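# Need a 3D model of the following:
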Amino acid sequence: MLKDIIKKILEWFRKPTEEQKPEETKEEPVVDVRQKQNGNGEPLWMPQVLADLKRHEGYREYAYPDPHSEWGRNFPSWKIKWGRRPASVIIEELGLSKDDVAKGAPWTVGYGFTKGVKYTSRTTHGISTERLKEEVVEHVKGLDKLVPGWRTEHSIVVQSVLANLVYNLGELRLSKFAPTLALFKTKEYAAAAARLRNTAWYKQVGVRSVELVERLETGRIRPEHLVK
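Okay, the predicted model is just below:
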């Protein structure tokens, strides 16, 4: 009898009360962090593309001649430091004539902008960032024609590559990569990467092409370049 009473008392102490019951842990839904950052309605790939383009294009406050133009070849930026000072000052220092500015066309400013740019053009980081967004939106419209479904049928990794390509090459030049674009449509990314490696573009743009092709081959963005 006494043993039964002691047993019941011990069981009562061992039984957790409502307050003692551990709370049930609910799994948090997995949310793409970039979606939280895009409360302004921007597509999920936009932050990554903007960061990539800023790094690849580089920023220049003042207008500079196209690297493939006559002035760009004869007076390379790495030596003359175009874009860091007014072009008019550099032109005068080099003994060149402002009547020959067409030899530097297309003149470029900001993050690789050429439309409406003159040798006297100047910009700011803020203005250039806003313009970059606008230009990306316009350029990717070309992808709607060249790779229909690119906005919904591919990962952000692939979207970042396609958006970068069309920004760098333009719709017309990119359209000439038809066999490569066909591989994007069928999601044969490694094969598309192999074709890109064999183009003149790959050799011309340096680290940019290396990064983009690597993304297609690995399906990943380097940690140091990933926008979170």
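# Going by C-alpha atoms from here, please, whenever you check contacts or count neighbours.
Fine.
# The residue nearest to the spatial centre of the chain - nearest residue in space that isn't next to it in sequence?
For the chain, the residue nearest the mean C-alpha position is Val49 (2.0 Å; C-alpha atoms, centre = their mean). If the residues on either side of it in the chain are set aside, Val49 comes closest to Ser160, at 5.4 Å by C-alpha to C-alpha, 6 or more residues apart in numbering.
# roughly how far is the one helix or strand the one you found maps to from the heart of the chain?
Element membership of Ser160 [criterion: DSSP states H and E] is helix 156-175. Centroid separation for helix 156-175 versus its chain: 10 Å, with C-alpha atoms, centre = their mean, to the nearest Å.
# quick revisit: quick one: residues contacting the residue nearest to Val49.
Trp45, Gln48, Val49 (C-alpha atoms under 8 Å, 6 or more residues apart in numbering).
# Look up the closest residue to Leu53, ignoring the ones flanking it.
Among residues not flanking Leu53 along the chain, Asn164 sits closest, at 6.9 Å (C-alpha to C-alpha, 6+ apart).
# That neighbour: what's it in contact with?
Contacts of Asn164 were listed using C-alpha under 8 Å, 6+ apart, and they are Val49, Asp52, Leu53.
# and with 10 Å instead?
Residues near Asn164 by C-alpha atoms under 10 Å, 6 or more residues apart in numbering: 49-50, 52-53, 56, 136, 139-140, 158, 170, 208-209, 212.
# confidence score at Trp78?
pLDDT, Trp78: 89.
# Quickly note the distance from it to Gly72.
Distance, Trp78 to Gly72, by C-alpha to C-alpha, to the nearest Å: 10 Å.
# neighbour count winner among the two?
Set Trp78 next to Gly72 and count neighbours by other C-alpha atoms under 10 Å: Gly72 wins out with 19 against 7.
# what's the helix or strand hosting that one in contact with?
Following DSSP H and E, one finds Gly72 within helix 70-74. Helix 70-74 has contacts (C-alpha under 10 Å, 6+ apart) with 64-68, 76-77, 80, 82, 91, 96, 100-105, 107.
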